[in-house]
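Peer 1: okay, sequence plus prediction incoming.
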Amino acid sequence: MLWMSCLPAASLFLLLLPCLPAQDGGGNEQSTDVISAWEGGSFSITCPMNGSQNQVGMYLTAIRQNLNVIYVPKQKPPNINPAFAERIEYSKEGENFRITLHRLQESDSKIYVCSAMVKINAHHKDLYGKTTIVVVKAKSSRALEQSPLYANPEQGQSVSITCVLKSSPEDEGLFLLRTQVQPGTVLYVSNLNLSRVSPAFASRLEYSREGNRIEITLHNLQEEDSDNYVCAEDVANSPLLSASGTMVLVREVEQACKKSSWNLYVLFVVVALLFCSLVCCTLYRVDV
């Protein structure tokens, strides 16, 4: 059944491939990326290694667990955490360092941060850079419940997504993530019910919460909002727990308009033909 669950995401990606924005080569080191991958697969994170004389090295850290995955000194071989030693690859790409983690497990679902260690006045300081949220999806069971699995609204309509969390509300935070077309964070709700909303949905999102159940409504949807939306639970001292996701494919309103216009055109042609027939019949009787 796995291939069936992959089919909507693949179909959506193919449908929307021409709409994908071009990549910005400059990049923003303070940006947040979202990576969605299957259990057993792999993902890559690229961290900057600038040529500054003050930079001593670079860390890739799972920030919530305070777990150093790899440390890359500027002039020495990398130091890899033993827990990742047989699954990690690294390579230097210009001024960047590319780190790839293979044979993914659900426990690899974490929030990773690239940080540069610099030496200033004989003191070491960490400068935090790009954040990457990694969601590893299990091939069998799901940690969270999410519904619906699929929604096909028209432009301007709304979609409600319901997430049922597994932990107590006091211990977790919730992400709503886009994971396919334009990966990113749509909503984050902390355990204190403090929220952070993506600017793209700033005036178009509302949510309500009752116990472990959260309902998120996205309003005034546009074609560029088509994506796979995944609930992910951020539990202290635990990997991110993710749901199966809701595939949202926004239909163009013009299609309905075109259909109506075509129906009107056909009706007009039929009326015109009937009128012509009536005129011809009348002229025939007059001639007789």
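Peer 2: Yes, it's here.
Peer 1: what residues sit buried inside the host helix or strand of residue 98?
Peer 2: Assigning secondary structure by DSSP states H and E places residue 98 in strand 96-101. For strand 96-101, a neighbour-count test (16 or more other CB atoms under 10 Å) marks 97, 99, 101 as buried. Any C-beta I mention is one placed from the backbone N, CA and C, and that applies to glycine too.
Peer 1: doesn't residue 84 make contact with the last one?
Peer 2: This points to residue 101. Yes: here residue 101 reaches residue 84: they are 6.6 Å apart, a contact under CB atoms under 8 Å.
Peer 1: any idea of the pLDDT on the closest residue to residue 174 other than its chain neighbours?
Peer 2: With CB to CB, 6 or more residues apart in numbering as the criterion, residue 174 has its nearest non-adjacent residue at 4.7 Å, and that residue is residue 189. Looking at residue 189, its pLDDT stands at 91.
Peer 1: ok, residue 189 - contacts?
Peer 2: Neighbouring residues of residue 189 by CB atoms under 8 Å, 6 or more residues apart in numbering: 173-174, 195, 207, 209, 214.
Peer 1: same deal with residue 125?
Peer 2: Counted by CB under 8 Å, 6+ apart, residue 125 has contacts 117-119.
Peer 1: and what about it, helix, strand or coil?
Peer 2: Here residue 125 is recorded as strand under DSSP: H, G, I helix; E, B strand; the rest coil.
Peer 1: for it, give the beta-bridge partners.
Peer 2: According to DSSP bridges, the partner residues bridging residue 125 are residue 118.
Peer 1: tally of neighbours for residue 173?
Peer 2: Neighbour count for residue 173, taken as other CB atoms under 10 Å: 21.
Peer 1: ok, residue 117 touching residue 60?
Peer 2: No: at 12.0 Å, residue 117 does not count as touching residue 60 under the criterion of CB under 8 Å.
Peer 1: those two: which is more packed in?
Peer 2: Ranked by neighbour count (other CB under 10 Å), residue 117 and residue 60 place residue 60 first, with 26 against 18.
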